[in-house]
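K.L.:
When you get a sec, could you give me coordinates for this:
(chains A and B)
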Protein chains: 2
Amino acid sequence: MNNFIFHNPTKLIFGKDTIANISTEIPAGKKILVTFGGGSVKRNGVYDQVTKALEKFEYVEFWGIEPNPTVETLRKAISIVKSENIDFILAVGGGSVIDGSKLIAAAALIEEDAWDLVRRPSLYKGVLPLASVLTLPATGSEMNRGAVITNQNLKEKFAFYSAYPIFSILDPQVTFSLPQFQIACGLTDTFVHVLEQYLTTTDQSQLMDRWAEGILSTIVEIAPRVCSKDLDYNDMATFMLSATMALNGFIAMGVTQDWATHMIGHELSALHNLTHGHTLAIVLKGTMWVMKEEKGDKILQMGRRIWGIEETDKEQAIRMTIECTDGFFRSLGLKTRLSENNIGADTIDEIVKRFRERDVHFGENRSVDPENTRKILEYVM
Amino acid sequence: MNNFIFHNPTKLIFGKDTIANISTEIPAGKKILVTFGGGSVKRNGVYDQVTKALEKFEYVEFWGIEPNPTVETLRKAISIVKSENIDFILAVGGGSVIDGSKLIAAAALIEEDAWDLVRRPSLYKGVLPLASVLTLPATGSEMNRGAVITNQNLKEKFAFYSAYPIFSILDPQVTFSLPQFQIACGLTDTFVHVLEQYLTTTDQSQLMDRWAEGILSTIVEIAPRVCSKDLDYNDMATFMLSATMALNGFIAMGVTQDWATHMIGHELSALHNLTHGHTLAIVLKGTMWVMKEEKGDKILQMGRRIWGIEETDKEQAIRMTIECTDGFFRSLGLKTRLSENNIGADTIDEIVKRFRERDVHFGENRSVDPENTRKILEYVM
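P.N.:
Next up is the predicted model:
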């Protein structure tokens, strides 16, 4: 087990009718920027609950943080925060709204442009206090310090690290009105977040392995019901809790991580504006297959414990585990080939070119270089 | 799934040679009370590492917090904190030292006697900042806000709730010199902490079930090696991490809890000064058997997933699960009958008398009353 420091100070407020807690969790006297995505929160009642809880506060609404939040949009919010002397950010939405709000909360404290902050962590000077009301289980942003920001002009997408939300409110009832595709992508995002922390070297931590497998098994168990038309509160609560626990550090203690699938997926989002979880469903099969020399033993463990695949021939068992995993994503209704999503060889060339320019080496062992990236993407063509 | 609030702000610093981090984690200028148990930390090198890290601080040492820490001893430390204007407590030891230090840190801020604070939570006025260096994996006190305090004079033992440690340092290397009996009790304590949060109503949270089972399976897997003479760092690290994760709220989200076994065990400690983990190994079998109408379905789930017991006849499967669990404790070298520990019927009478006087109703459904307590203890006579 590797040495580690774990410190996650986010207060998680979870359950039915908990949005009203905003009124007591935000310190009195704060002037709040409330950030939103599109209008779905007006249709599902979340907006009404939030504004009711904010009755005694002074606040400004900022609408229009898009999926794959862009720095172009966020700059407008940062300008409002500065001009209106805002001193608290409340993000109401999914991972994109929370991610974008993390950049708003940090860029408000510096003179430089927000994209410079994304590209140069040394500019970071802290954040305004930030909290969230989550409406879409997927990214885990509600209980971690990461964000992913897109530059629409440059067609680039990069990770950015800021502070943990002070509190996050998760009412599973808000998930009942989610579109089927968003649920499929949220389940996939959760699943692959776990795998980025699990499909690495074996025997680093038996306990973290069990907890990672616990999330995977839970997602597989609930997925058919969460994707049905007949939704159950406990299932949606389990989905929401699983998504948060998949990327809040709880399964990362003492183990190495990978994230190559994410790094390649971000490029697909940047170039084709695909939903994040969808890109992971496309790339993962390629990463597992191309990196099977490194990841083979852990893939076999996953096969045994998640899919019940008994190993007779090692390569055959690896292949079956990868197919079962891909089959799981396809069972959610996701198209997991590049060609099915009208993405061609030119995109592979562009991604490889970018990775060469940046001289990247992703993955647990820094071995996902531009050449392996090409192999991964060609495998899922 | 029940509504819940999760908020665990303790910074966990885990791994080899991490004790030196004390020097940067405690704010400069603090005057520290460093609390210890007996002299084992002088023999295993922990004392030298701690004092080296504290070179630049002003500190006072307080020695002699005993297993089952007594308010009589702690009063002396509280008096020193007040007279010496101490403003930081650093606990160096196992759960007893940390538990006792939690009472010191809280009682230092009030005028009333420390035992009054244990018995009347309304007296609580906050705490001095507290941190810990853990030397014995067992109680989870290093990452929760609970403590258990004994009144030697009254032969009573009660839980007390204070604040989370600001940081806790866990270097698994310190466990290599632990006596075999302490390791057995630590494994048992961890195992039963999980069961107090797991052996309740089924289907409250699939994910929490998986995580609880993950700790149980891990403990069962490592126990033979952790109890051997040929110790391995990864195994001891897994033991230490499991003990912390068993009682820091991570497996308690959205589920009911029980704690009847603990409440009865505390009385055995109070009356006979038995090690806490040992009392749990004695009581648990009785709780599982007597409460099998309530807990049957979860006992069956535990049997299937932990011990591999396939259910044919329900009562037979419950009986086998209980025997496997008891057998696990006995495999660690613990004597799990009252009579084996020279405890007789008079102790049962005394505990039932106390519980009648206090009109207790323990357990998930408040059904472990004095009469069921008698049945539980008679079952393990």
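
K.L.:
Which residue, neighbours along the chain excluded, lies closest to the residue nearest to the spatial centre of chain A?
P.N.:
Ranked by distance to the mean C-alpha position of chain A (C-alpha atoms, centre = their mean), the top residue is A:Thr139 at 2.5 Å. Nearest residue to A:Thr139, sequence neighbours excluded (C-beta to C-beta, 6 or more residues apart in numbering or on different chains): A:Gly95, at 2.8 Å. For glycine as for every other residue, the C-beta is placed from the backbone atoms N, C-alpha and C.

K.L.:
isn't the one you found right next to A:Ser141, touching?
P.N.:
Yes - using C-beta atoms under 8 Å, A:Gly95 is in contact with A:Ser141, at 4.4 Å.

K.L.:
Could you give the average pLDDT over stretch A:254-271?
P.N.:
The pLDDT scores in stretch A:254-271 average 97.

K.L.:
Is that stretch positioned near chain B?
P.N.:
Yes - part of stretch A:254-271 sits near chain B under the criterion C-beta under 8 Å from any C-beta of the partner chain, namely A:Gly254.

K.L.:
List the buried residues of that stretch.
P.N.:
For stretch A:254-271, the buried set under the neighbour-count rule, 16 or more other C-beta atoms under 10 Å in any protein chain shown, comprises A:254-255, A:258-271.

K.L.:
those strands in chain A, which residues are they?
P.N.:
Ranges of strands within chain A are A:4-6, A:11-14, A:31-35, A:58-62, A:88-93, A:130-134, A:146-151, A:156-161, A:167-170, based on DSSP state E.

K.L.:
measure A:Phe239 to A:Arg43 for me?
P.N.:
20 Å (C-beta to C-beta, to the nearest Å).

K.L.:
out of those two, which sits in the more crowded spot?
P.N.:
Using other C-beta atoms under 10 Å in any protein chain shown as the criterion, A:Phe239 and A:Arg43 rank with A:Phe239 on top: 27 against 10.

K.L.:
any idea how far that one is from chain B?
P.N.:
Going from A:Phe239 to chain B by C-beta to the nearest C-beta, to the nearest Å gives 9 Å.

K.L.:
who's in contact with that residue?
P.N.:
Contacts here follow C-beta atoms under 8 Å, 6 or more residues apart in numbering or on different chains; on that basis A:Phe239 touches A:137, A:172, A:175, A:183, A:186-187, A:190, A:219, A:222, A:226.

K.L.:
and the closest residue to A:Ala28 other than its chain neighbours, what pLDDT?
P.N.:
Excluding its sequence neighbours, the residue lying closest to A:Ala28 (C-beta to C-beta, 6+ apart) is A:Lys56, at 7.5 Å. We have a pLDDT of 96 for A:Lys56.

K.L.:
how close does A:Lys56 get to A:Val133?
P.N.:
Applying C-beta to C-beta, the value for A:Lys56 to A:Val133 is 17 Å.

K.L.:
and what of A:Lys125?
P.N.:
Counting by C-beta to C-beta, the gap from A:Lys125 to A:Val133 is 26 Å.

K.L.:
Flag every residue of the stretch 201-350 of chain A that's near chain B.
P.N.:
Residues of the stretch 201-350 of chain A lying close to chain B (C-beta under 8 Å from any C-beta) are A:203-207, A:210-211, A:213-215, A:217-218, A:221-222, A:233-234, A:237-238, A:241-242, A:245, A:250, A:253-254.

K.L.:
ok, A:Arg120 - how many residues close by?
P.N.:
Per other C-beta under 10 Å, the neighbour tally for A:Arg120 reads 10.

K.L.:
oh sorry, the question was meant for A:Pro69
P.N.:
A:Pro69: 30 neighbours (other C-beta under 10 Å).

K.L.:
Check A:Gln316 too.
P.N.:
Neighbours of A:Gln316 under the rule other C-beta under 10 Å: 11.

K.L.:
Ok, the one 4 residues further on next?
P.N.:
A:Met320 has 19 neighbours, counted by other C-beta under 10 Å.

K.L.:
pretty sure it is touching A:Arg304, no?
P.N.:
No - between A:Met320 and A:Arg304 there is no contact under C-beta under 8 Å: 10.8 Å.

K.L.:
Please consider this matter closed, and thank you.
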